[in-house]
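# attaching a predicted model along with its sequence, questions to come.
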Amino acid sequence: MGSALARSRKQRLASVVDPLQQALGEHFGWPAFRPGQREVVEALLAGRDCLAVLPTGAGKSLCYQLPALVREGLVLVISPLVALMQDQVAQLQRRGIAAACLHRDLGGGERQDLQRRLREGLLRLLYLAPERLQLESTQQLLDDLHGRGGLVALAVDEAHCISAWGHDFRPDYRRLGRLRQLCPGVPVVALSATAAPQVRADLIRLLQLKRPLVQVHSARRTNLAYTMQRRPDDPLPLVLEALEQSRGARLIYARTRRAVESWVARLNDAGHEAIAYHAGLEPGARQQALEHFQQHRQPVLVATIAFGMGVDRSDVGLVLHLALPASAEGYLQESGRAGRDGLPAHCLLLYSPGDRISLGWALAQAGADPADRQRAELAQQQLRRMESIAEGEGCREQALLQAVGELVPPCGRCDTCLAAPSRVQRDWSPSVLRVLAALEQQDGRELRALTRELQELDPAAEARWGWLARRLVQEQLIGESDDGAQRLYLRATGRHYLKRPWPLTWAATA
Ligand SMILES: Nc1ncnc2c1ncn2[C@@H]1O[C@H](COP(=O)(O)OP(=O)(O)OP(=O)(O)O)[C@@H](O)[C@H]1O
Ligand SMILES: [Mg+2]
Ligand SMILES: [Zn+2]
């Protein structure tokens, strides 16, 4: 007992004099580091490269922000989305921290002012879009800064964008490999919430991280509960219900600007004050939307993905997707906006089988370049995987995390976990045989034509043919063309199944 007391007093004393914790309190007002943060901050201060894979909302930004403040130098941050940079800069400025971003839309005067502050060493964080690194002027700037010894670290945020294996590959990120040469001796930190092992290996290789400190924590967010369900013809009642049942701020993701605008109008008509947020807004309106989202007690923001990712409010109680996301990794990040205060929050995903077709077509527009083709193929696979998670009857969280290479037990919170005891399983093999036989007769047919025909042949059959065919693609009994046309082919396993079927028991969710 006595020694425990002495230990806790010692810890308290240590925390009083611990300069890092002191700096954390001084600049951000937080009493303690979150898991993983201190390790990365210390490594950067010691000049060591880092790879930090920490869950959404874990506080990755702090890992590179604090070293700049402790050293009173500059940290350069590469970030893929202007909206993301602006949000972070605004948050830092509110805390009185000198931060700025350099991007294409900056006016001449603003740019000059920025350069002056850089020369005078007044800036702590500079956010940069990756394509800026190509510019002679940026390289000159880096040279100068480096020459004066004012660079504390280089941070590559959302670093999975550099990997062609990632879900959000950006060609501009590829050039970041040159960062190392531009500023030799300055530690580089790569950060991501969703980097599967293959992507991590890519990050280390492409960014030329030298003996990096690797901090990988589970991507699990134990306060989030996922629900995925088919989108009814009119989703409005469902959306209203979700809004009414949720706490805090609400974030709704729509796929296009048009969809954003029309949902804002519908929600306003239904008596919910909703605000649009997308790239088509004037800067003033954009600012207003952000402020509304930050300040209103229970705001409803309808945003496109690129813009929704740029908002950070800790008490988001609902993240609602109106359509199927493009990948499991992307969905983990987007839904990760919810519950950053650690309190329970809900992530609702409404999808329809048509979503994959429309998204798939967009992805199929790849050029003739083999690398582009390969990426388009990967994108189709990721899309199929996302659909199979939404249509599947397994635990949502477990399936999502599997996509980033993590094995966890069922969460017990998602819709499927909660429904598991009452769900009715049934053997689908007789219907499976009919789908496979139809393909054996005529291989390479489009999904839609096939389901229409099966429906006509047997209107009374209680089979959900489209769902079943997609399911068989997921089970790898059928192959599907990657061009977005959803042409189906019998695979060797499918032929085998026709000869020697086995029971396939699923609980239909469709
Ligand atoms: N040590 C801390 N104590 C309390 N709050 C913190 C701490 N570190 C960060 N935060 C807060 O946590 C929230 C999430 O931080 P941040 O945006 O850096 O997350 P992230 O890991 O980058 O997530 P994402 O992967 O979604 O980008 C912010 O609102 C931030 O202010
Ligand atoms: Mg972040
Ligand atoms: Zn679950």
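Right, received. Where do you want to start? As the structure is a prediction and not an experimental result, all values here were calculated from the model. Numbers count the residues shown, from 1 in each chain. Ligands and ions are numbered 1, 2, ... in the order given.

# grab the nearest non-local neighbour of residue 106.
Sequence neighbours aside, residue 114 is the residue nearest to residue 106 in space, at 7.4 Å (criterion: C-beta to C-beta, 6 or more residues apart in numbering). (Glycine included, C-beta is placed from N, CA and C.)

# tell me the first helix or strand C-terminal of the helix or strand harbouring the one you found.
According to DSSP states H and E, residue 114 maps onto helix 108-119. From helix 108-119 onward toward the C-terminus, using DSSP H and E, the following helix or strand is strand 125-128.

# is any residue of that next one near ligand 1?
No: shown here: strand 125-128 not in contact with ligand 1 (C-beta under 6 Å from any ligand atom), separated by at least 12.4 Å.

# quick one, whichever helix or strand comes after that strand and helix 108-119 angle?
Using DSSP H and E, the helix or strand that directly follows strand 125-128 along the chain is helix 136-147. If you take axes from the mean of the first three to the mean of the last three C-alpha atoms, to 10 degrees, helix 136-147 sits at 20 degrees to helix 108-119.

# and helix 136-147, which residues are buried?
Applying a neighbour-count criterion of 16 or more other C-beta atoms under 10 Å, one finds 138, 141-142, 145-146 buried in helix 136-147.

# ok, and what's touching it?
Defining contact as C-beta atoms under 8 Å, 6 or more residues apart in numbering, one finds that helix 136-147 is touched by 74, 76, 102, 115, 118-119, 128, 132-133, 151, 182-183, 186.

# now that helix: mean pLDDT?
Over the span of helix 136-147, the pLDDT mean works out to 86.

# and for stretch 212-231?
pLDDT averaged over stretch 212-231 gives 95.

# quick one: is it near ligand 3?
No: Stretch 212-231 is not in contact with ligand 3 by C-beta under 5 Å from the ion; minimum separation 7.1 Å.

# show me where this protein dips below the pLDDT cut-off.
1-17, 361-368, 421-423, 460-463, 484, 508-510 (pLDDT under 70).

# distance of the residue in the stretch 151-300 of the chain that ligand 1 sits nearest to from residue 85?
Residue nearest to ligand 1 within the stretch 151-300 of the chain: residue 193 (3.6 Å; C-beta to the nearest ligand atom). Residue 193 sits 17 Å away from residue 85, going by C-beta to C-beta, to the nearest Å.

# which residue is the nearest non-sequential neighbour of the residue in the chain positioned nearest to ligand 1?
Per C-beta to the nearest ligand atom, residue 59 is where the chain lies closest to ligand 1, at 2.8 Å. Nearest residue to residue 59, sequence neighbours excluded (C-beta to C-beta, 6+ apart): residue 34, at 4.8 Å.

# just the strands in the stretch 101-250 of the chain please.
Ranges of strands within the stretch 101-250 of the chain are 125-128, 151-156, 188-192, 213-216, 224-230, 249-253, based on DSSP state E, counting those that start in this stretch.

# which residues are contacting the third one?
What that stands for is strand 188-192. 40, 44, 49-54, 60, 63-64, 153-160, 162, 179-180, 199, 203-204, 207-209, 212.

# if we can go back for a sec, of residue 193 and residue 85, who's got more company?
Counting neighbours by other C-beta atoms under 10 Å for residue 193 and for residue 85 shows that residue 85 has the greater number, 25 against 22.

# list the contacts for that one?
77, 79, 101, 103, 127, 129.

# buried subset of the residues you listed?
The neighbour count (16+ other C-beta under 10 Å) marks 77, 79, 101, 127, 129 as buried among the contacts of residue 85.

# and the residues you listed as JSON lines, adding distance to residue 396?
Converted to JSON lines, the buried ones among the contacts of residue 85 look like this (distance: C-beta to C-beta, whole Å):
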{"residue": "77", "distance to residue 396": "32"}
{"residue": "79", "distance to residue 396": "29"}
{"residue": "101", "distance to residue 396": "35"}
{"residue": "127", "distance to residue 396": "33"}
{"residue": "129", "distance to residue 396": "33"}
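
# just the residues you listed now: which is nearest residue 252?
Proximity of these to residue 252 (C-beta to C-beta) peaks at residue 79, which lies at 23.5 Å.

# quick one: which of the contacts of helix 136-147 has the most company?
residue 76 (29 neighbours).

# so what sits opposite that one in the bridge?
Bridge pairing for residue 76 (DSSP bridges) gives the partners residue 126, residue 154.

# wait, it touches residue 129, no?
No: with contacts counted by C-beta atoms under 8 Å, residue 76 stays clear of residue 129, the gap being 11.8 Å.

# any part of stretch 379-396 near ligand 3?
Yes: Stretch 379-396 reaches ligand 3 (C-beta under 5 Å from the ion) through residue 395.

# still on that earlier bit, please identify which pair of the contacts of residue 85 lies farthest apart.
Maximum pairwise distance among the contacts of residue 85 (C-beta to C-beta): 12.0 Å, between 77 and 103.

# any residues in contact with both of those two?
85, 127-128.

# sorry, back to before: export the strands of the stretch 101-250 of the chain to CSV and tack on distance to residue 409?
Formatted as CSV, the strands of the stretch 101-250 of the chain follow (distance: least, C-beta to C-beta, whole Å):
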stretch, distance to residue 409
strand 125-128, 39
strand 151-156, 33
strand 188-192, 24
strand 213-216, 19
strand 224-230, 15
strand 249-253, 28
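
# please enumerate the helices of the stretch 401-510 of the chain.
Counting by DSSP state H, counting those that start in this stretch, the stretch 401-510 of the chain has helices at residues 415-419, 429-441, 447-457, 465-474, 492-499.

# would you mind naming what in this structure lies close to ligand 3?
Residues of the chain lying near ligand 3 (C-beta under 5 Å from the ion): 395, 397, 410-411, 414, 417.

# among those residues, which one sits closest to residue 169?
Checking these one by one against residue 169 (C-beta to C-beta), the nearest turns out to be residue 397, at 24.9 Å.

# looking at this, the closest one is in a strand?
No: according to DSSP: H, G, I helix; E, B strand; the rest coil, residue 397 belongs to no strand; its state is helix.

# not counting its neighbours along the chain, what's nearest it?
Using C-beta to C-beta, 6+ apart, the closest residue to residue 397 is residue 411 (4.0 Å).

# from the contact counts, what lies against the longest helix seen in the chain?
The single longest helix within the chain, with elements called by DSSP state H, is helix 370-391. With contacts defined as 3 or more C-beta pairs under 8 Å, 6 or more residues apart in numbering; DSSP states H and E, the packing partners of helix 370-391 are helix 328-335, strand 345-351, helix 353-363, helix 396-402, helix 465-474.

# quick one: the residue nearest to residue 59 and ligand 3, what's the gap?
24 Å (C-beta to the ion, to the nearest Å).

# same check on residue 81?
Residue 81 is 30 Å from ligand 3, by C-beta to the ion.

# what do you get for residue 309?
Residue 309 is 24 Å from ligand 3, by C-beta to the ion.

# can you put the helices and strands packed on helix 370-391 in a markdown table and add distance to residue 92 and mean neighbour count?
Below are the helices and strands packed on helix 370-391 laid out as a markdown table (distance: least, C-beta to C-beta, whole Å; neighbours: other C-beta atoms under 10 Å):
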| stretch | distance to residue 92 | mean neighbour count |
| --- | --- | --- |
| helix 328-335 | 21 | 24 |
| strand 345-351 | 25 | 24 |
| helix 353-363 | 35 | 18 |
| helix 396-402 | 31 | 23 |
| helix 465-474 | 44 | 21 |
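
# turn those into JSON lines, columns for distance to residue 285.
Listed next are the helices and strands packed on helix 370-391 as JSON lines, based on distance: least, C-beta to C-beta, whole Å:
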{"stretch": "helix 328-335", "distance to residue 285": "22"}
{"stretch": "strand 345-351", "distance to residue 285": "27"}
{"stretch": "helix 353-363", "distance to residue 285": "27"}
{"stretch": "helix 396-402", "distance to residue 285": "34"}
{"stretch": "helix 465-474", "distance to residue 285": "40"}
